[in-house]
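K.L.:
Sequence plus the predicted model coming up.
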Amino acid sequence: MLARLVAAITVCTLVPMLAAAQQPAPADSAAAARERAVTLLAPGAHVRVQLRGGGRASGSLLSVRRDSLVLGPPEAPRAVALADVERLWERKHASVAGAIVVGAIGAVSAGGTLYLIWSIICWNGCHPGAGTMGLIGAVAGGLGGAAIGGALGTLIPTWRRRFP
């Protein structure tokens, strides 16, 4: 009975979401999408653009004008017309990915190690049990690994495409 109730609730929740996900997105012009992507950039962000005709430009974003981006070092700024931008990338860091990956590795390894050690030490039963100690190890290892992975991820630059 309970299984049927859970299944009914799950179906009633997921079916509308799946149907909405299959609806076509409203048509947007390329110019509006380009302007939206540019407004999300912070001043000082390191950007790279691919221009019509195959050219490229990159540098720090100094300012955004109504019809252009101003890139480059402050000594030699370069204006790039928004209409000429075919692709736009922003340079970020992999701190979130590093935190997730190293945090997961830390949680599994610390939790498993502490569970194994506690099982060997307390083979005839202790309080708290090996499962509790494994959980404590997983939380501590996950938090420590996430902190280390996030710090290491700031050293890894990545390019994220913003348009199209």
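P.N.:
Structure's in. What do you need?
K.L.:
got the domain boundaries for this structure?
P.N.:
30-93, 95-155 (automatic domain parsing).
K.L.:
now for those domains, which one comes closest to residue 161?
P.N.:
Across the domains of the chain, residue 161 has its closest neighbour in domain 30-93 (5.2 Å, Cβ to Cβ). Using the backbone N, CA and C atoms, a C-beta is placed for each residue, glycine as well.
K.L.:
By mean pLDDT, show me the worst of the domains of the chain.
P.N.:
Mean pLDDT per stretch puts domain 30-93 lowest among these, at a mean of 80.
K.L.:
Any idea how far apart the tips of it sit?
P.N.:
27 Å (Cα to Cα, to the nearest Å).
K.L.:
With stretch 39-50 instead?
P.N.:
Per Cα to Cα, stretch 39-50 runs 18 Å from first to last residue.
K.L.:
So for it, what gets flagged as buried?
P.N.:
Of the residues in stretch 39-50, 41, 46-50 count as buried by neighbour count, 16 or more other Cβ atoms under 10 Å.
K.L.:
Between these, which sits nearest residue 57?
P.N.:
Nearest member of the buried residues of stretch 39-50 to residue 57, counting by Cβ to Cβ, is residue 49, at 5.2 Å.
K.L.:
most centrally placed residue in the chain?
P.N.:
residue 96 (5.8 Å; Cα atoms, centre = their mean).
K.L.:
Now it: which helix or strand?
P.N.:
According to DSSP states H and E, residue 96 maps onto helix 95-121.
K.L.:
what helices or strands is that helix leaning on?
P.N.:
Where contact means 3 or more Cβ pairs under 8 Å, 6 or more residues apart in numbering; DSSP states H and E, helix 95-121 is packed against helix 130-153.
K.L.:
Now do the helix it packs on: everything it contacts.
P.N.:
93-115, 118-119, 122 (Cβ atoms under 8 Å, 6 or more residues apart in numbering).
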